[in-house]
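1. Provide a 3D model corresponding to the input given below.
(one chain, ligands or ions: 2)
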Amino acid sequence: APLIRREDYLSPAYWIRQVDLTLDLDAAKTIVASKLTIERNGQQPAQPLRLHGEDLNLLRVLVDGQSVSFRHEDDMLVIDAPAADQFVLEIRNTIAPEKNTHLSGLYASGGGLYTQCEAEGFRRITYFLDRPDVMAVYTVTLRGDKKKYPVLLSNGNLVEQGELDGGRHFAKWHDPFPKPSYLFALVAADLVAREQWVRTRGGKDHLLQIFVKRGDLDKTEHAMNSLIASVVWDEARFNLPLDLERFMIVAVDDFNMGAMENKGLNLFNTKYVLASAATATDADFDGIESVVGHEYFHNWTGNRITCRDWFQLSLKEGLTVFRDQEFSMDMAGSASARAVCRIADVLRLRESQFPEDAGPMAHPVRPDAYQAIDNFYTSTVYEKGAEVVRMMHTLVGREGFAKGMSLYFQRHDGQAVTCDDFAQAIADANPDSALAVNLALFKRWYSQSGTPHLSARGQYDTAASTFTLELSQANPVTAAQPNKLPQLIPVAMGLVGRHSGQALALQLEGEAAPSGSHRVLVMTEATQRFVFTHVTEDCVPSLLRGFSAPVLLDDGLTDADRLVLLAHDSDPFTRWESGQKLALGRLLTALPTGTLELDEPFVHAMRGLLRDPSLDPAFKELALVPPSEGYVAEQTTEVDPQRVHAVRESMVQQLAARLNEDWAWAFAEHQVREGYRPVAEQSGKRALANLALAMLVRHAVATGDTVWPGRAYQRFKDASNMTDRLGALQALVNAHAELAAPALERFHALFRHEPLVLDKWFMLQARAPERDGRVFAQAKQLLKHPDFTLGNPNRARSLLMALAFFNPAAFHRADAGGYVFWAERVVELDAINPQLASRFARALDRWRHLAEPYRSAAREAVARVAARTDLSSDTAEIIHRALQ
Ligand code: HT7
Ligand code: ZN
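-> Residues are numbered from 1 along each chain as shown. Ligands and ions are numbered 1, 2, ... in the order given. Below is the predicted model:
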């Protein structure tokens, strides 16, 4: 497929103003009748009408009621349109939903029919100008068998429904908001709904509905609560009310991503709807809140204002991730619970986006070119895009950002716009801000790929009572971008007294008075120096507080400095980061020899953290888990995954042994005695208790003691919620305890009718720490398990992605077995579901980063896949970029 470039954007030659669709729904053959009111776009030269269409069977084309000549050219339907400026085009075609395994367009899942149109799925339903800047008002009539499909849904309002002959019925929907085709949706299925009315501030009542399969209704309470909270939050924080009479969520088993924000009819992966204490973990509950919020917030940031073209994807995704992150933080409540959310978001960014930005798929937040747009729903567009919005928020302040958002809606409501339009609105609403003053410079975050390296060196001058901070940035060469310019980097910071542990007052040279003990330095050049005066004590700089910019920081601090920050910094993020850096330093030092002996100061600091009564248990849990193998690998130039694994395992094992009594204390101290509630206050305790249990079982297995494994097994059996049950099971499996096998068997027997829980069962085994190749062998076995299928994306992810992305030591084997497995699965999956296959294919896109013998073996596997002539365009793009 050809490369599509951002610079080639042209507005469409025609506008489609109205769409009237009638679908005779049937899994084997659905008939689609489409009537489009079309207008010529006077800004483009006269030309034939070219419509997208994929896997369609065309029956008829009429223009203003007359047959017309048409032809197929490069996957497009080309029609010689009439001279009239406006005309009505009628198209009739058929599709086969039950054969649609791509899960894009109209497809069958669990007896129902569902659509997924973003990014280019509408063209798999009927011929259309399937691009986001073509916005139309839709009227949709759905007809189908009443028994099979008692529920018939589409966007907007239900305007008519009734019976038809032959046991069929119909429903007619009208959506008054003009929308791009990617936001179209329909559902025809046998579902039931949880319903709730909400009143918005203007006094209007709105109906919220969550549709699920019969039997799942009792698992929708948390999703409904999250939806109500989202409605309230968006109105309170951004003055954005619900604009629809009815807002529907529908859960579907087979879904390529998390959820989809179709106007008024959001479709969700069941994983982000269904939860009960018995089947879902605290993390699942949090995930539901975040995804329900995310999709709901898209109603304004994405739907009311959409993207002009797909290069602008981060306009809606980066902004909406920022909004869902803020929502989760506001919902978490306390400052420390907010910090825990922030740390989790940063971990996600660093573990997936930083590697992406350093590999062959590196692209700017606003990409310049793509072959398959589905490959650009990336952590760069989503997570780094959210960081770009967060930096704007930091630069203009909370109030200023809210003003910027109002201006954005005032200017662009109802339009399809660009990332530039968004940044301009935020800057124009805050004309004196550092953002407005440096807007062009700031926008390099949209145009340059790669993670900037920020280096900081500080010097205290006792005689002059000054602290001089020198900051410099380096912007690395990345795929397709050889030349880089400096970027604007907001550095939130403070100074912590080395002896007092106090936050020192901050007064920069030339300033008349200090301005508090926390501020944001705005870096606009390659190198800059900041001199703080009236500094009465030697101090340690606390830099990049709250992770104020998505950069790699070399802070030049010593262990002693880090211990000061770990003990005293008022910023929880930097405090956590100090602990992580202490651990990381030790892991990196141990890598060349492969042996690690933990020193007493480190163990003492970790014990201090664990026992500190002022710290939140959730924070402790995050601080006591050493950096992941993936993150450690990122800090090295030639990765030996087995070495990284051995060294990190040794650190965990030593922490388990040397803090044994402390873990036992922590386990006993953090039991939740009251009934299960998915709230931060309880989940923090459960997280720390589970970590403690895992450490206790590990140490016990290593020393031949059977008490803690026995207790873990008992807890696994008796647990009253999934977080505790899975925690205990994981403790046994990860320690390779003898009781792991019976526990796994029991878990399977208990939950064999719960697909989302079975996913956990597969995932847990695929992610277990590798030992003597057992985990990899088990993963291969699981592929043949009767409950395994590549047809369901959640199930495929639970085994394949878990192994290849989250278990480097099991996947990267000296005998290349993991790579052979990868190549076979990529090809197999590609024939079924290209979107999923291309995501899985990315597990080896950074083969160049590996040490030998992994590197050559991985390259060979990639080359073997590249040699196939039948790859989808999605997978071909990933594979060929990997080899470039
Ligand atoms: N905007 C949605 C993206 C999405 C998607 C993209 C490609 C293929 C399938 C998809 N399903 C959903 C989800 C979101 O960001 O909210
Ligand atoms: Zn989104």
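
2. what lines up beside the helix or strand bottoming out on mean pLDDT in the chain in the sheet?
-> One helix or strand of the chain scores below all others by mean pLDDT, DSSP states H and E: strand 66-67, with a mean of 94. Paired neighbours of strand 66-67 in the sheet (DSSP bridges): strand 57-63 (antiparallel).

3. Using CSV, list the CA coordinates for whichever strand or helix holds Val192.
-> Using DSSP states H and E, the secondary-structure element containing Val192 is strand 191-199. Presented in CSV, the C-alpha positions along strand 191-199 are these (Å, rounded to 0.1, in the frame of the first residue of the first chain):
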residue,chain,number,x,y,z
LEU,A,191,-29.0,-7.8,25.2
VAL,A,192,-30.4,-6.3,28.4
ALA,A,193,-29.7,-2.9,29.9
ARG,A,194,-29.0,-1.3,33.2
GLU,A,195,-30.6,2.2,33.1
GLN,A,196,-30.2,5.4,35.0
TRP,A,197,-31.5,8.9,34.5
VAL,A,198,-29.2,11.8,35.3
ARG,A,199,-30.0,15.5,35.5
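
4. what sits up against the helix or strand just after the least confident helix or strand of the chain?
-> From strand 66-67 onward toward the C-terminus, using DSSP H and E, the following helix or strand is strand 70-73. Where contact means CB atoms under 8 Å, 6 or more residues apart in numbering, the residues beyond strand 70-73 that reach it are 50, 61, 77-80. In short, each C-beta sits where N, CA and C put it, glycine included.

5. What are the buried residues along the strand holding Val192?
-> Going by neighbour count (16 or more other CB atoms under 10 Å), the buried part of strand 191-199 is 191-194.

6. now those residues in JSON lines, with distance to ligand 2?
-> As requested, the buried residues of strand 191-199 are arranged in JSON lines below (distance: CB to the ion, whole Å):
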{"residue": "Leu191", "distance to ligand 2": "23"}
{"residue": "Val192", "distance to ligand 2": "27"}
{"residue": "Ala193", "distance to ligand 2": "23"}
{"residue": "Arg194", "distance to ligand 2": "23"}
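
7. Nearest to Val520 among the residues you listed?
-> Comparing these against Val520 with CB to CB places Arg194 closest, at 44.0 Å.

8. Correct me if wrong: the closest one contacts His222.
-> No - using CB atoms under 8 Å as the test, Arg194 is too far from His222 to be in contact (10.8 Å).

9. and the helix or strand Pro176 falls within, which strands flank it?
-> Assigning secondary structure by DSSP H and E places Pro176 in strand 168-180. Paired with strand 168-180 in the same sheet, following DSSP bridges, are strand 135-145 (antiparallel), strand 157-164 (antiparallel).

10. Isn't Ser109 up against Ala251?
-> No - between Ser109 and Ala251 there is no contact, the gap being 10.4 Å when judged by CB under 8 Å.

11. Count the neighbours of Arg529 for me.
-> Counted with other CB atoms under 10 Å, the burial measure for Arg529 works out to 11 neighbours.

12. pLDDT value on the residue of the chain positioned farthest from its centre, please?
-> Of all residues in the chain, Ala463 has its C-alpha farthest from the mean position, at 50.1 Å, by CA atoms, centre = their mean. At Ala463, the predicted lDDT confidence score is 98.

13. mind checking the SS state of it?
-> coil (DSSP: H, G, I helix; E, B strand; the rest coil).

14. repeat for Leu565
-> Note that with three-state DSSP, the state of Leu565 is helix.

15. Contacts only, for the closest residue to it other than its chain neighbours.
-> The shortest distance from Leu565 to any residue other than its chain neighbours is 4.0 Å, reached at Ser578 (CB to CB, 6 or more residues apart in numbering). Ser578 makes contact with 557, 562-563, 565-566, 569 under the criterion CB under 8 Å, 6+ apart.

16. can you give me phi and psi for Ser856?
-> phi -70, psi -40 (degrees, to the nearest 10).

17. What's the local residue count around it?
-> The number of residues near Ser856, taken as other CB under 10 Å, comes to 12.

18. and what of Arg686?
-> Using other CB under 10 Å, Arg686 has 22 other residues around it.

19. Output the strand or helix carrying Thr589 as PDB - backbone C-alpha positions only.
-> Element membership of Thr589, judged by DSSP H and E, is helix 572-590. What follows is the C-alpha trace of helix 572-590 in PDB, where atoms were taken according to Å, rounded to 0.1, in the frame of the first residue of the first chain:
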ATOM      1  CA  PRO A 572       5.800  12.100  45.900                       C
ATOM      2  CA  PHE A 573       6.800  11.500  42.300                       C
ATOM      3  CA  THR A 574      10.400  12.600  42.800                       C
ATOM      4  CA  ARG A 575      10.500  10.600  46.000                       C
ATOM      5  CA  TRP A 576       9.400   7.500  44.200                       C
ATOM      6  CA  GLU A 577      11.800   8.200  41.400                       C
ATOM      7  CA  SER A 578      14.700   8.500  43.800                       C
ATOM      8  CA  GLY A 579      14.000   5.000  45.100                       C
ATOM      9  CA  GLN A 580      13.700   3.600  41.500                       C
ATOM     10  CA  LYS A 581      17.000   5.200  40.600                       C
ATOM     11  CA  LEU A 582      18.700   3.700  43.600                       C
ATOM     12  CA  ALA A 583      17.500   0.300  42.400                       C
ATOM     13  CA  LEU A 584      18.200   1.000  38.800                       C
ATOM     14  CA  GLY A 585      21.800   2.000  39.500                       C
ATOM     15  CA  ARG A 586      22.400  -1.200  41.300                       C
ATOM     16  CA  LEU A 587      20.900  -3.300  38.500                       C
ATOM     17  CA  LEU A 588      22.900  -1.600  35.800                       C
ATOM     18  CA  THR A 589      26.100  -1.900  37.800                       C
ATOM     19  CA  ALA A 590      25.500  -5.700  38.200                       C
END
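
20. what packs against the helix or strand that comes right after it?
-> Downstream of helix 572-590, the first helix or strand assigned by DSSP H and E is helix 600-611. The helices and strands touching helix 600-611, judged by 3 or more CB pairs under 8 Å, 6 or more residues apart in numbering; DSSP states H and E, are helix 559-568, helix 572-590, helix 617-624, helix 641-658, helix 660-669.

21. Identify, out of the ones you listed, the most deeply packed stretch.
-> The highest average neighbour count among the helices and strands packed on helix 600-611, using mean count of other CB atoms under 10 Å, belongs to helix 617-624 at a mean of 24.
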